[in-house]
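Engineer: Quick one, fold the following:
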Amino acid sequence: MECTWNRPISTKRRKRNAVVAPPPPRGRPAPLLGRLHFAGRHLGEISLHNGMPFLSWEGRMWIASRTGDPAPFKAVCEAAESILQRHHLHPSMLCGTAAQPNLDLPDRKAIEEALCMYSATPFKRIWPVIDAVLFQQTIEVAYNPQTACLQEWATAKACIFAFLALLAIHHKYPPSLPILDGEECAVKAQCLLAQVLQETTLVGLQTCFLLALYHLMLGQLQKAAVYNSLACRMLFTLGGHTIVVPLPKSPPSLDWRYDNQLRKMFWMLYSCDKEISLRTGQPPSINDDDCDLTLPHGYVEAKYLEEDMQEADAALLNDTAVPLFPGDLRLDMLKSKTYQLLYSARALRKSDAELIRDIRELDDELEAWRLAVPPTFRPWLSLRHDQPTSMSELRHMERVMVYVEYHRLIAAIHAATGRCSSWSTDKPFEMPEGVGSSMALAVEASRSTLFFIKAIVQNLMGEVFWMAVIYPISAVWTIFCNIIYNPMHAHVDGDLELLNWVPQLIQDMRKRRLARDEMVHMRMIDDFVAELARLAGEAVKKARRDHRSASSASS
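Structural biologist: Below is the predicted model of the structure:
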């Protein structure tokens with residue numbers, strides 16, 4: 001979590017433990033999507049490093065006025081800075097300053113066994129990062145340098161290292177294979193990037209995307225965004241954003257496999273690009289108007305097959321099967337439209353009436369998507385902790401992601417009303433028509449997100465922890481702001497209870513042992529969420545004290 005609390009303005013006049021306004025951060029302001037608004041106030045920014053909020057001076061002062069705490073988040077920020085200072089000195093993190101790593105490939109048999117493992121798991125349908133036949137050619141080049149030029153050989157090696165980095169965090173990586181250090185494999189692939197970028201190829205594109213996906217799954221958003229942008233530029237050069245692939249003949253030709261894999265790369269990059277944009281506040285690298293967004297043949301039908309039909313058809317794991325991808329590609333398109341209509345630079349100039357009109361348009365389109373999903377898999381509009389749920393249809397992770405992405409998109413759409421200039425600062429929820437109902441929907445969607453994650457937490461796979469943890473954090477932030485704004489609302493006690501059990505929920509989401517740098521990030525998340533719960537409780541206590549005092553005075 002990034003912090004500006006301790007950046008001094010005038011140390012000569014500053015008193016010990018006094019609340020001091022930090023200067024505005026240097027450089028250009030954060031993109032609009034990365035700015036946090038509520039009740040017409042600018043509360044802060046989304047950190048480009050990890051996607052977590054950090055507060056502006058105005059946001060801190062507003063929270064201080066509502067909670068009675070003169071220095072909200074100060075202890076958390078100081079602890080985070082201390083942790084990061086110690087962490088940055090760790091030798092394993094000083095990439096580029098150490099000696100050149102050994103770039104020798106592991107035993108070829110181990111690579112081929114790892115490929116077999118990947119090809120036999122449903123993970124391949126969600127993230128079809130390679131085609132098994134084409135990847136065999138990559139292996140051949142990497143282990144026989146005399147058959148290719150230096151650039152092709154280095155690119156093939158980089159692709160293998162990036163592939164192994166991703167497999168290293170897979171929850172089904174078999175213990176019979178050599179132990180992989182994901183960070184070490186990623187660094188080796190990175191060391192070869194100079195050769196990879198000399199010529200744009202499908203293998204080079206896969207290398208950059210594999211590195212982007214690896215860092216995204218570890219919650220390293222800044223690195224993920226950089227590699228994702230590189231991969232997008234390579235994709236455009238290869239034409240993957242406009243190609244439409246016909247159904248395969250039997251057997252599929254190598255040319256068809258190439259085009260099919262290139263198109264799969266487009267959809268994975270499209271999905272990740274929109275997700276990174278929402279998490280960092282940065283504009284997306286892919287402009288929808290420049291792309292052919294024709295969905296893969298049979299995508300919607302394959303996405304929502306019944307469980308027994310999917311599991312009975314082993315052929316679905318081959319490279320000609322319809323890819324499932326994480327979430328739903330149609331939701332990704334709505335994410336893109338949400339950015340353009342509500343969070344782009346052009347959206348900043350819209351009036352309140354125009355903003356509310358666009359929110360209603362997006363809400364209608366999102367509801368149309370929801371109703372188009374088969375009833376068995378259709379996300380609920382709202383979910384409560386005591387609502388009976390059946391999770392048998394959600395054993396596949398991509399369907400779990402559909403549910404949480406749906407509710408987060410509702411929150412993202414309706415939370416844009418927090419930017420409206422017509423909020424009343426004196427009388428809570430006396431606001432223009434449409435703003436109150438929108439904010440209520442954003443808060444309810446955030447509650448539903450937490451209830452849903454709690455219900456399916458045992459089904460989450462370990463490798464998606466950092467991709468999934470953003471959902472409870474975003475939900476907690478929205479609920480927290482709502483409590484701070486109106487600490488006397490009818491659901492406040494239930495919301496406080498939600499905030500207090502979220503730290504345990506996040507702990508339950510962890511299904512694998514975290515590396516040292518991941519533990520540092522985890523500590524910061526724990527501290528941040530705990531501070532939100534504490535401050536929300538203080539706001540409620542203060543509001544109730546003030547209410548009792550006012551009642552006593554009037555009587």
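
Engineer: Where does residue 272 sit: helix, strand or coil?
Structural biologist: Of the three states, residue 272 takes helix under DSSP: H, G, I helix; E, B strand; the rest coil.

Engineer: What does the pLDDT read for it?
Structural biologist: We have a pLDDT of 95 for residue 272.

Engineer: Residue 19 too?
Structural biologist: 33.

Engineer: go on, residue 425?
Structural biologist: We have a pLDDT of 50 for residue 425.

Engineer: One more: the one 5 residues further on?
Structural biologist: Looking at residue 430, its pLDDT is 53.

Engineer: Kindly report the same for residue 307.
Structural biologist: pLDDT, read off for residue 307, is 56.

Engineer: Show me what the helix or strand harbouring residue 533 is packed up against.
Structural biologist: Taking DSSP states H and E as the criterion, residue 533 maps to helix 516-554. On a contact count with 3 or more Cβ pairs under 8 Å, 6 or more residues apart in numbering; DSSP states H and E, helix 516-554 meets helix 57-67, helix 74-88, helix 470-485, helix 492-509. C-beta coordinates here come from the backbone N, C-alpha and C atoms, glycine included.

Engineer: Nearest to residue 404, out of these?
Structural biologist: Taking Cβ to Cβ, helix 470-485 is the member of the helices and strands packed on helix 516-554 nearest to residue 404, at 4.7 Å.

Engineer: Report the buried residues of that closest one.
Structural biologist: Buried residues in helix 470-485, counted by 16 or more other Cβ atoms under 10 Å: 470-485.

Engineer: same question, stretch 104-112
Structural biologist: Under the neighbour-count criterion of 16+ other Cβ under 10 Å, stretch 104-112 has 105, 111 buried.

Engineer: and the end-to-end length of that stretch?
Structural biologist: This stretch, stretch 104-112, spans 16 Å end to end (Cα to Cα, to the nearest Å).

Engineer: Now do it: distance to the chain's middle.
Structural biologist: Distance of stretch 104-112 from its chain centroid, counting by Cα atoms, centre = their mean, to the nearest Å, is 32 Å.

Engineer: what's that stretch in contact with?
Structural biologist: Residues outside stretch 104-112 that contact it (Cβ atoms under 8 Å, 6 or more residues apart in numbering): 139, 142-143, 157, 160-161, 164, 177-178.

Engineer: Next: stretch 492-506.
Structural biologist: By Cβ under 8 Å, 6+ apart, the list of residues contacting stretch 492-506 reads 447, 450, 453-454, 457, 469, 472, 476, 479-480, 482-483, 486, 525-526, 529-530, 532-533, 536-537, 540.

Engineer: change it to 6 Å
Structural biologist: By Cβ atoms under 6 Å, 6 or more residues apart in numbering, the residues outside stretch 492-506 that reach it are 450, 454, 472, 476, 479, 483, 526, 529-530, 533, 536-537, 540.

Engineer: angle of the helix holding residue 533 against helix 470-485?
Structural biologist: With axes from the mean of the first three to the mean of the last three Cα atoms, to 10 degrees defining the directions, helix 516-554 sits at 20 degrees from helix 470-485.

Engineer: And helix 516-554, what's buried?
Structural biologist: Buried residues in helix 516-554 (16+ other Cβ under 10 Å): 517-518, 520-522, 524-525, 527-529, 531-540, 542-543.

Engineer: tell me the angle it makes with helix 492-509.
Structural biologist: Helix 516-554 and helix 492-509 meet at an angle of 170 degrees, taking the same axes, to 10 degrees as the criterion.

Engineer: which regions of the stretch 401-550 of the chain sit below the pLDDT cut-off?
Structural biologist: In the predicted model, the stretch 401-550 of the chain carries pLDDT under 70 at residues 422-434, 462, 512, 515.
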